[in-house]
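Student: Structure for this input, please:
(one chain, ligands or ions: 1)
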Amino acid sequence: MKTAIIYATSHGCTDKCARNLAIELESGIDLYNIETEQNFDLNNFKTIIIGGSIHMGSINKKIKKFISNNIDELCKKNMGLFICCMYEGKKAIEQFNDAFPEDLRNKALAHGFFGGEFNFEKMNFFEKAIVKKVANVEQSVSNINFTEIKEFAKKFEK
Ligand SMILES: Cc1cc2nc3c(=O)[nH]c(=O)nc-3n(C[C@H](O)[C@H](O)[C@H](O)COP(=O)(O)O)c2cc1C
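Tutor: Predicted coordinates for the structure are as follows:
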């Protein structure tokens, strides 16, 4: 049976990471951006990987809703969970723990911290202002951890 990667992205970083992960996982991977595609049947998948980015401390609301609507079903699957964010270490772990319910975290074969990007070309006025003020960053920067994506994928090898 197949694997689904279900994700949400604001500026494309999580999309990039999900596609990279799909390549690392090699075959039979379906990608669903939950913003545009919600018409899939979880019964078709043995493995489900869920990912999203952190904005203002929280994961995308549609990801949260999808998880709470399907928690029982998801707990029966091979699970993987990942976030994209710019904080690292303890703060990233706190954000991860807040993004995903404990049951799912305990069930997951892999917890992924894939790093993140600040993409000024895709930010609106307010987002730019927040990033400049909070992160003290004025230019686009990419900090995706491709090694971590590779390591995450290895946990799903048969
Ligand atoms: C307005 C804004 C708020 C953000 N807030 C956080 C945050 O609270 N914690 C964090 O670790 N990263 C934060 N980030 C960084 C994002 O997680 C990072 O840009 C990520 O790569 C976005 O992925 P996406 O393009 O898939 O949405 C923020 C970025 C923006 C633009």
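Student: Going along the chain, name the helices of this protein.
Tutor: For the chain, the helices defined by DSSP state H occupy 13-25, 61-75, 89-99, 102-107, 125-130, 146-154.
Student: ok, now which ones touch residue 19?
Tutor: residue 31 (Cβ atoms under 8 Å, 6 or more residues apart in numbering). For the C-beta atoms, the positions are set from N, CA and C on the backbone; glycine is no exception.
Student: Point to the residue nearest the middle of the protein.
Tutor: The chain has residue 51 as the residue nearest its centroid, 2.1 Å off, counting by Cα atoms, centre = their mean.
Student: which residue sits closest to residue 30, ignoring its sequence neighbours?
Tutor: residue 4 (4.9 Å; Cβ to Cβ, 6 or more residues apart in numbering).
Student: okay if I get the helices of the chain as TSV plus distance to the ligand and mean pLDDT?
Tutor: Converted to TSV, the helices of the chain look like this (distance: least, Cβ to the nearest ligand atom, whole Å; pLDDT from 0 to 100):
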stretch	distance to the ligand	mean pLDDT
helix 13-25	3	97
helix 61-75	11	96
helix 89-99	6	98
helix 102-107	18	96
helix 125-130	4	96
helix 146-154	13	98
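Student: quick one, which of those is packed in tightest?
Tutor: Comparing the helices of the chain by mean neighbour count (mean count of other Cβ atoms under 10 Å), helix 13-25 ranks first with a mean of 20.
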